[in-house]
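Enquirer: here is a sequence with its predicted model. Questions after.
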Amino acid sequence: MHQDFAKNLRLLCSYYKSVAEVCRRLKINRPQFNRYLSGRYKPSAHSLRRLCDFFGVEEHEILMPHSQFELLIQVRPKPQVAEEAHPEAEHMSLLQANSQGLEKYLGYYFEYHYSMAFPGKILRNLLCLERRGGGVYYQRTERLQQAPGERVFHSKYLGMAHLLADRIFLVDYESLTGNQITQTILIPTFKSRVGRLSGLRLGASASGERIPSCTRVVLEYLGRQVDIRRTLSLCSTFDADSGQISGAILNAIGNDMAPHEHHFRARHYF
């Protein structure tokens with residue numbers, strides 16, 4: 001029986017939130033660790049070394065009679081328990097901190113880009129940016145119809161907006177099917193009023209091919225309040241020569257590349 005070792009180990013564990021936390025940090029099997037705590041088993045030399053390194057004690061110290069070990073721990077500075085790193089929390093903190101500066105962009109937009117599912121067709125979508133709590137979130141609603149009279153398909157993307165180093169990043173997922181994540185990067189406006197924003201959108205085609213694609217995109221600001229039903233009724237799929245899309249927007253979302261361009265780049269909207 002190894003009661004002194006077990007008592008010493010329980011004392012060291014008391015500086016942590018729980019035994020489960022110790023096992024998680026040590027990456028040790030909980031039932032095996034419980035055997036050490038019960039005094040029924042003594043760890044192997046290798047496992048003992050790991051335990052001592054983790055708790056910051058020497059091997060001969062953790063094997064001392066419990067009364068001596070308890071006195072030793074009392075006179076030493078209390079063990080400093082480092083907080084576990086949580087990458088997800090760090091990421092969310094970064095993203096929420098960088099939602100500042102987006103206030104003037106809140107509201108509704110028409111979004112224009114060439115459809116990834118219906119090549120050659122232009123999509124006009126409805127996008128709404130709104131602040132909720134510490135972040136700026138948005139919803140993009142698509143109405144896809146390849147030709148008049150054909151079935152209309154709907155997609156709803158939910159995401160979060162971030163302003164990082166003078167660029168607006170939109171990251172979202174398709175909430176109805178769960179089969180799509182897209183990223184849009186926009187060039188902000190430096191005017192006092194928001195008009196149109198241009199950028200690039202990266203995603204995968206919703207067609208059977210599921211080809212990763214990149215397309216130029218333009219957001220046209222509509223205001224803080226709109227008639228949702230009326231505005232959605234204006235969203236659809238259009239031919240480039242339908243007369244429904246302005247020439248300036250057609251030029252901004254065209255996916256051609258100039259001879260001197262080596263990368264597919266967004267176009268500044270003038």
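Expert: Looks like it came in fine.
Enquirer: check contacts around residue 39.
Expert: Residue 39 sits next to 1-3, 5-7 when contact means CB atoms under 8 Å, 6 or more residues apart in numbering. C-beta here means a position set from N, CA and C on the backbone, and glycine is covered the same way.
Enquirer: in a markdown table: those residues, plus pLDDT and neighbour count.
Expert: Shown next, in a markdown table, are the contacts of residue 39 (pLDDT from 0 to 100; neighbours: other CB atoms under 10 Å):
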| residue | pLDDT | neighbour count |
| --- | --- | --- |
| 1 | 48 | 10 |
| 2 | 74 | 16 |
| 3 | 88 | 12 |
| 5 | 93 | 22 |
| 6 | 93 | 19 |
| 7 | 92 | 17 |
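Enquirer: ok, so of these, who is nearest residue 21?
Expert: Closest approach to residue 21 among these (CB to CB): residue 6, at 18.5 Å.
Enquirer: quick one, phi/psi of the residue lying closest to the closest one once chain neighbours are set aside?
Expert: Excluding the flanking residues, the one nearest residue 6 by CB to CB, 6 or more residues apart in numbering is residue 39, at 3.6 Å. Backbone torsions of residue 39, given as degrees, to the nearest 10, read phi 90, psi 0.
Enquirer: ok, residue 39 to residue 9 distance?
Expert: 9 Å (CB to CB, to the nearest Å).
Enquirer: over to residue 177?
Expert: With CB to CB as the criterion, residue 177 and residue 9 are 51 Å apart.
Enquirer: looking at these two, which one has more neighbours?
Expert: More crowded of residue 177 and residue 9, by other CB atoms under 10 Å: residue 9, with 22 against 10.
Enquirer: C-alpha coordinates for the host helix or strand of the more buried one, CSV please?
Expert: Per DSSP states H and E, residue 9 falls inside helix 3-13. Below are the C-alpha coordinates for helix 3-13, written out as CSV (Å, rounded to 0.1, in the frame of the first residue of the first chain):
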residue,chain,number,x,y,z
GLN,A,3,-0.9,5.7,1.3
ASP,A,4,1.6,8.5,1.8
PHE,A,5,2.2,8.8,-1.9
ALA,A,6,-1.6,8.8,-2.5
LYS,A,7,-2.2,11.5,0.1
ASN,A,8,0.7,13.6,-1.3
LEU,A,9,-0.8,13.2,-4.8
ARG,A,10,-4.3,14.2,-3.6
LEU,A,11,-2.7,17.3,-1.9
LEU,A,12,-1.1,18.4,-5.2
CYS,A,13,-4.3,17.8,-7.1
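Enquirer: what is the helix or strand following that helix packed up against?
Expert: Sequence-wise, the next helix or strand downstream of helix 3-13 (DSSP H and E) is helix 19-26. The contact analysis (3 or more CB pairs under 8 Å, 6 or more residues apart in numbering; DSSP states H and E) places helix 19-26 against helix 30-38, helix 45-55.
Enquirer: and the angle from the first one to helix 19-26?
Expert: Read that as helix 30-38. Per axes from the mean of the first three to the mean of the last three CA atoms, to 10 degrees, the angle that helix 30-38 makes with helix 19-26 is 120 degrees.
Enquirer: ok, residues contacting helix 30-38?
Expert: For helix 30-38, the external contacting residues (CB under 8 Å, 6+ apart) are 5-6, 9-10, 13, 19-20, 22-23, 26, 41-43, 51.
Enquirer: low pLDDT regions in the stretch 101-250 of the chain?
Expert: 146-147, 206-208 (pLDDT under 70).
Enquirer: from residue 236, how far off is residue 188?
Expert: 28 Å.
Enquirer: could you measure from residue 258 over to residue 248?
Expert: 18 Å.
Enquirer: looking at the two, which is more packed in?
Expert: residue 248 (12 against 6).
Enquirer: buried residues in the helix or strand harbouring residue 172?
Expert: Residue 172 belongs to strand 167-174 when assigned by DSSP H and E. Buried residues in strand 167-174, counted by 16 or more other CB atoms under 10 Å: 168-172, 174.
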